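**Student:** Based on what follows, work out the 3D shape:
(2 chains)
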2 protein chains.
Amino acid sequence: MSAEAAPPPPHAADRLLAAIEAKRAPGCVGLDPVRDKLPASCPRGGPDTPLPDASERILFFCMDVIRAVAPFVPCIKLQSACFERLGPSAASHVRSLTEAAHQLGLEVILDAKRGDIGLTAAHYAQAAFPDEQRGPGGAGADWLTINSYLGEDAITPFLRPAPPSSHGAFALARTSNPGGDTIQNLQLKDGRTVAEAVGEMIARIGADHVGERGYSSLGAVVGATKPQDARRLRAVMPQQIFLVPGYGAQGGGIDDVLPCFNSDGTGALVTASRSIIYAFKPDDPKWMDSVADAAAQFADEVGRAVGMR
Amino acid sequence: MSAEAAPPPPHAADRLLAAIEAKRAPGCVGLDPVRDKLPASCPRGGPDTPLPDASERILFFCMDVIRAVAPFVPCIKLQSACFERLGPSAASHVRSLTEAAHQLGLEVILDAKRGDIGLTAAHYAQAAFPDEQRGPGGAGADWLTINSYLGEDAITPFLRPAPPSSHGAFALARTSNPGGDTIQNLQLKDGRTVAEAVGEMIARIGADHVGERGYSSLGAVVGATKPQDARRLRAVMPQQIFLVPGYGAQGGGIDDVLPCFNSDGTGALVTASRSIIYAFKPDDPKWMDSVADAAAQFADEVGRAVGMR
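**Tutor:** Model prediction:
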């Protein structure tokens, strides 16, 4: 466990790679909590305790999920929408969950897919990342997902100057949803696809933010459901860490995610959400064990796939 | 003022057009409040009142701006990032400002540029729009800006079934920032630009949500700084209301926004932000008069440009 005891590297990409190696698993658990899927035993209040509201129940559930998966994966991803819909009280819960995850040595991605420019983008960055000029309330995340459609002005405000590039962003290149093809897969006059042009832009911007291990604090989102595209995008973006959704519930298998990695088995982080956080029967009082088992199995699959186990 | 006394039409696009006609001005005031630009006389607390925090000062400022501009324009746009960065307490302020604007008969656009798919998108819609199944805390907006890069799965969850399509969305097609060219202006093999392909997708999806006046509750964001592109996009999207940023402080003039309108002078809503909400000297105690004057002048410019005055 010496990798956990040493102070974490300051550069976001170096830090994420170290966390992946410490767990020997390039895997991330996504928390997309919804009320009607919570386990029956998740706190509902009782005679001596006030009834928690929906956002508090979701907070308790997520805290338990984070504790359950922390021994097995290096990273969690919080889906911002699931908290935003519950109103202002839930927004502060994101911060609490981030702090709990950091206590357990986990990297935290805020999946908010923010996409705006200039000062507005800087405001989103302030809301997502820790900042000495900020009061309490920001999410305090290490990484944020962002949208690339507005171009460079919507990307650079989310990158901290190097060194140390202590926080990072994953910019959307090729998403895992069926509708993503409509725009991202269009053929350009010069033979590239739109997603490849986006990838080249990400690679160019990210080149100014590369850490000691050769990866940038600007990563890219590349879905597991498009292995052919992933192969081409891997060539276009050698210095980007790929955040890879679509594994498990969305249909992507282990063979589909392999092209997202560089040949040395580094450079990608596979995420799984529903297949892990709901890996229990609703009335199972030991539901946390089921979540832990699912996380352990997922970590084993992705760790073996890239030769880390 | 009979148009204001009659019950508003239920379809979002019909309602917005009626509001524009009642004010004879296709103009929207954008609220992008930042702390260091607040007027000196904006409440700071005093001997008998607790000192308001930054988010409360911004709330007071925005309330006063909304009151100042309400007689002149049909619509305000709230920049979500400016509130999110202030933490959870400011998130509830968005709801308060929306309610105040509705009391004054204004349409409210939440400028959050959300971009995600399926259930996650449905969560963002719940956070943005009024919903009987929602507790307090949602923004309660009439319109939301959204990102088109993920395709149809990231657009339809934001549209209410027609009839009545009571809430609407503006999907990004061509943004006003310089960096927008990098992706949006790429040439496709078939001769279109990426922005035109996005426009065709928006037009196709929006066709299922057209109101009595011929406009869809799915509109499009088309920047004022690209008049040539606006002309082509207007042809591609005849049923979309264009939300047009870039006027004023960003450099777009009245001639630049005209191609965003259909030939009958309908179909676009020009937004101006900094040039109106900061139209005062910091130490001016009558700063609200200056904001009102700027809003009146803006309304006159856009109203005359399309023959409404």
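
**Student:** could you pull out the strands for the stretch 1-150 of chain A?
**Tutor:** Taking DSSP state E, counting those that start in this stretch, the strands of the stretch 1-150 of chain A run over residues A:27-31, A:75-79, A:107-114, A:143-146.

**Student:** now the ones you listed as CSV including mean pLDDT?
**Tutor:** What follows is the strands of the stretch 1-150 of chain A, written out as CSV (pLDDT from 0 to 100):
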stretch, mean pLDDT
strand A:27-31, 98
strand A:75-79, 98
strand A:107-114, 97
strand A:143-146, 98
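
**Student:** Work out for me the element residue A:183 sits within.
**Tutor:** Applying DSSP states H and E as the criterion places residue A:183 in helix A:181-184.

**Student:** what about whichever helix or strand comes after that helix, near chain B?
**Tutor:** As assigned by DSSP H and E, the chain's next helix or strand after helix A:181-184 is helix A:194-206. Yes. Shown here: helix A:194-206 in contact with chain B (CB under 8 Å from any CB of the partner chain) through A:194, A:197, A:198, A:201. Any C-beta I mention is one placed from the backbone N, CA and C, and that applies to glycine too.

**Student:** ok, now which ones touch the third one?
**Tutor:** Neighbouring residues of residue A:198 by CB atoms under 8 Å, 6 or more residues apart in numbering or on different chains: A:148, A:171, A:172, A:173, A:184, B:183.

**Student:** coming back round to it: tell me which of the strands of the stretch 1-150 of chain A sits nearest to residue B:128.
**Tutor:** Residue B:128 sits nearest to strand A:107-114 of all the strands of the stretch 1-150 of chain A, at 13.9 Å, using CB to CB.

**Student:** Can you name every helix or strand that the closest one contacts?
**Tutor:** helix A:12-23, strand A:75-79, helix A:80-84, helix A:88-103, helix A:118-128, strand A:143-146 (3 or more CB pairs under 8 Å, 6 or more residues apart in numbering or on different chains; DSSP states H and E).

**Student:** lowest-confidence stretch among these?
**Tutor:** Lowest mean pLDDT of these: helix A:88-103, a mean of 88.

**Student:** Now it: buried residues?
**Tutor:** By neighbour count with 16 or more other CB atoms under 10 Å in any protein chain shown, helix A:88-103 contains the buried residues A:88, A:89, A:90, A:91, A:92, A:93, A:94, A:95, A:97, A:98, A:100, A:101.

**Student:** these two touch, right, the second one and residue B:87?
**Tutor:** No. Applying CB atoms under 8 Å, one finds residue A:89 not in contact with residue B:87, separated by 11.7 Å.

**Student:** now, which of the buried residues of helix A:88-103 lie close to chain B?
**Tutor:** Answer for those near chain B (CB under 8 Å from any CB): A:88, A:89, A:91, A:92.

**Student:** how close does the first one get to residue B:8?
**Tutor:** As judged by CB to CB, to the nearest Å, residue A:88 and residue B:8 stand 28 Å apart.

**Student:** possible to save the strands of the stretch 1-150 of chain A as JSON lines with mean neighbour count?
**Tutor:** Below are those laid out as JSON lines (neighbours: other CB atoms under 10 Å in any protein chain shown):
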{"stretch": "strand A:27-31", "mean neighbour count": "26"}
{"stretch": "strand A:75-79", "mean neighbour count": "25"}
{"stretch": "strand A:107-114", "mean neighbour count": "26"}
{"stretch": "strand A:143-146", "mean neighbour count": "27"}
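
**Student:** that older thread, any chance of the ones next to chain B among the buried residues of helix A:88-103 in TSV, plus distance to residue B:61?
**Tutor:** Formatted as TSV, these follow (distance: CB to CB, whole Å):
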residue	distance to residue B:61
A:88	19
A:89	24
A:91	21
A:92	23
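
**Student:** in the stretch 101-250 of chain A, which ranges drop under the pLDDT threshold?
**Tutor:** A:131-137, A:162-163 (pLDDT under 70).

**Student:** hang on, the earlier thing: need the residues of helix A:194-206 next to chain B in JSON lines with distance to residue B:115, can you?
**Tutor:** Formatted as JSON lines, these follow (distance: CB to CB, whole Å):
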{"residue": "A:194", "distance to residue B:115": "15"}
{"residue": "A:197", "distance to residue B:115": "18"}
{"residue": "A:198", "distance to residue B:115": "14"}
{"residue": "A:201", "distance to residue B:115": "17"}
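
**Student:** Name the member of those residues that has the highest neighbour count.
**Tutor:** residue A:198 (29 neighbours; other CB atoms under 10 Å in any protein chain shown).

**Student:** for chain A, what's the longest helix?
**Tutor:** helix A:287-305 (DSSP state H).

**Student:** Strand A:27-31 and that helix, what's the angle between them?
**Tutor:** Interaxial angle, helix A:287-305 versus strand A:27-31 (axes from the mean of the first three to the mean of the last three CA atoms, to 10 degrees): 150 degrees.
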